[in-house]
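# sequence? don't have it. structure:
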């Protein structure tokens, strides 16, 4: 696939001595939205952390736009235009919303203006002087995504963006994710909320015990209840 | 019961001691908060600052030159210490970090003792700080009074650096979650170097400013280190406002208790810390659940 922007080939990752990812191979094309699904502990978060450089794969290759990035420190990978939005959101609670955004923009060559971010997330403009810890879960998630956007990241890794949020907020964030995709950003999303993830993904990988167990379209996955039950428990 | 004049005088002494403790402790707390390293060499670095002032004053007689040259010297020491030693211990357990910084402190103290001897050096008060000032019914040494203002200005400069600049933004974010700072494209290791050097500079500047009013000798940093630890526990680990407020509280506790009985000044400080730990374990400005 010459059009793939992100490419993992036979990646093996460990936490200490425990082997988490087994020969994981996947590709994400330019402007594509790919969902990575699977049960708890299947290795989804580890896959994203390996791409971001927070876990160094013991073997295998990870390529971003043809360039090998496995083994680089996270800050260098971020500067290549790839951004993880972590599951725990990792908002700086002692910094204001605006400081969180300014920090993220510091090293980005094509950083967005704060105004542009606030047009995208009007709620964050209202909250710009609030401390990170005063935000609701939904606002924190918006800010976490906004930090990736202000860096103008071309590839965004979303780890459980809808976790613990009320259905209305999930609906809003799904709309935001669709907008991002429509703008031509490339997204790899990990999600427990299968319905929400399938609603905006172009393609799906299912991870099971650290192995890629299935690959296909959302329609094919929805049409196969046995597969959904076996690997996703839904 | 001590006289009002004595109590008032001690309250001023507490302010002078408190602002200096705040400066030493802020260096300690930003290093601990950002790098996760408890720097046991901090007292020795404070002492090194005092000796830097002694050397420059002895040769040139210029206080300002002492502060500038001493500041540059402390930055060089800070950078060297981080690059050559502390950096190698970021991934190691806290015990190792404590042992290595403690060891570095001993080396610095003994090197100074070997070169300058163990006897007390006195650093002259700068000309503009000599004499005493009459404050109502109280006579108070001019330099001590000026010292309060100077250290307050240094603390304010540190505040501006931490809260109004990009470097400060990185440092404050790093105190919360250094790894996420890296994920956002910032070279945290380079930021760590800046933070360590800045912390060493804070300790050194405190030593330089304090030099004219104490006996300068190799072991002078020991008690300051212990008191600075108490300050950051009271204020909350990793909190700059905590270090400042905690420093002032500690300075007043020590000085006011001394007016009654000098032997109890440290005891009282530890008692207050113990009480605070029971009532508010995270310290005055600390956040819950942080290490």
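Yes, it's here. Quick caveat, the model's predicted, so the values are computed rather than measured. Residues are numbered from 1 along each chain as shown, chains lettered A, B, ... in the order given.
# and the residue of chain A nearest chain B?
For chain A and chain B, the shortest gap (Cβ to the nearest Cβ) falls at residue A:78, measuring 3.6 Å. Using the backbone N, CA and C atoms, a C-beta is placed for each residue, glycine as well.
# was I right about that residue contacting residue B:183?
Yes. At 6.1 Å, residue A:78 counts as touching residue B:183 under the criterion of Cβ atoms under 8 Å.
# on that earlier part again, contacting residues for the residue of chain A closest to chain B?
When the contact criterion is Cβ atoms under 8 Å, 6 or more residues apart in numbering or on different chains, the partners of residue A:78 are A:52, A:107, A:151, A:153, B:182, B:183, B:184, B:185.
# go with 6 Å
Contacts for residue A:78 were tallied using Cβ atoms under 6 Å, 6 or more residues apart in numbering or on different chains; they are residue B:185.
# again, but for residue A:163
For residue A:163, no contacting residues are found, by Cβ under 6 Å, 6+ apart.
# so residue B:276, which state does it fall into?
When states are read from DSSP: H, G, I helix; E, B strand; the rest coil, the local structure at residue B:276 comes out as helix.
# what about residue A:158, which helix or strand?
Residue A:158 belongs to strand A:155-159 when elements are defined using DSSP states H and E.
# quick one: strands adjacent to that strand?
Taking DSSP bridges as the criterion, strand A:155-159 pairs within the sheet with strand A:82-85 (parallel), strand A:186-190 (parallel).
# burial of residue B:241, as a residue count?
The tally of other residues near residue B:241 (other Cβ atoms under 10 Å in any protein chain shown) stands at 17.
# need the pLDDT of it.
Residue B:241 is assigned 94 on the pLDDT scale.
# surely it is within a strand?
No. Going by three-state DSSP, the assignment for residue B:241 is helix, not a strand.
# my guess is it meets residue B:285, correct?
Yes. Taking contact to mean Cβ atoms under 6 Å, the distance of 5.1 Å between residue B:241 and residue B:285 places them in contact.
# for residue A:198, what are its contacts?
For residue A:198, the contacting residues are residue A:218, taking Cβ under 6 Å, 6+ apart as the criterion.
# any idea how far it lies from residue A:112?
29 Å (Cβ to Cβ, to the nearest Å).
# go on, residue B:146?
Following Cβ to Cβ, the distance that separates residue B:146 from residue A:112 is 48 Å.
# ditto for residue B:228
If you go by Cβ to Cβ, the gap between residue B:228 and residue A:112 works out to 42 Å.
# the two: which has the busier surroundings?
Shown here are residue B:228 and residue A:112; by other Cβ under 10 Å, residue B:228 has more neighbours (31 against 19).
# A helix includes the more buried one, no?
Yes. Remark: residue B:228 belongs to a helix, assigned using three-state DSSP.
# neighbouring contacts of the host helix or strand of residue B:254?
Assigned by DSSP H and E, residue B:254 belongs to helix B:240-260. With contact meaning Cβ under 6 Å, 6+ apart, helix B:240-260 is reached by B:2, B:6-7, B:10, B:13-14, B:17-18, B:21-22, B:25-26, B:29, B:155, B:162, B:231-232, B:234-236, B:264-265, B:268-269, B:272, B:283-285.
# interface residues of chain A facing chain B?
Where chain A comes near chain B, counting by Cβ under 6 Å from any Cβ of the partner chain, the residues are A:74, A:75, A:78, A:79, A:84, A:90, A:92, A:94, A:99, A:103, A:104, A:107.
# got the contact list for the first one?
Contact criterion Cβ under 6 Å, 6+ apart gives A:52, A:53, A:54, B:182, B:183 as the residues in contact with residue A:74.
# what's the domain layout of chain A?
Using automatic domain parsing, the domain ranges for chain A come out as A:1-81+A:163-234, A:90-153.
# tell me how many other residues crowd the nearest residue to residue B:83 once chain neighbours are set aside.
Once its chain neighbours are removed from consideration, residue B:83 has its nearest residue in residue B:193; the separation is 7.0 Å (Cβ to Cβ, 6 or more residues apart in numbering or on different chains). In terms of burial, residue B:193 registers 18 neighbours under the definition other Cβ under 10 Å.
# also residue B:279?
A count of neighbours around residue B:279, defined by other Cβ under 10 Å, yields 7.
# got it, and residue B:252?
Using other Cβ under 10 Å, residue B:252 has 17 neighbouring residues.
# what does the pLDDT read for it?
Note for residue B:252: predicted pLDDT of 96.
# and if you look at residue A:184?
87.
# measure it to residue A:152 for me?
For residue A:184, the distance to residue A:152 (Cβ to Cβ) stands at 11 Å.
# out of these two, which sits in the more crowded spot?
residue A:152 (16 against 9).
# excluding its backbone neighbours, what's nearest that one?
Looking at residue A:152 with Cβ to Cβ, 6+ apart, the closest residue is residue A:110, at 4.5 Å.
# what comes up buried for the longest helix seen in chain B?
Counting by DSSP state H, the longest helix found in chain B is helix B:4-35. In terms of neighbour count (16 or more other Cβ atoms under 10 Å in any protein chain shown), helix B:4-35 has its buried residues at B:8-35.
# now the stretch 151-291 of chain B against chain A: closest residue?
For the stretch 151-291 of chain B and chain A, the shortest gap (Cβ to the nearest Cβ) falls at residue B:185, measuring 3.6 Å.
# before we move on, back to that, filter the buried residues of helix B:4-35 by proximity to chain A?
Here nothing survives when these are matched to chain A using Cβ under 6 Å from any Cβ.
# what about stretch A:226-234, distance to the chain center?
Stretch A:226-234 has its C-alpha centroid displaced from the chain centroid by 22 Å (Cα atoms, centre = their mean, to the nearest Å).
# buried residues, it. List them.
A:227, A:228, A:231, A:232.
# for it, give the mean pLDDT please.
Confidence over stretch A:226-234 (mean pLDDT, whole number) is 80.
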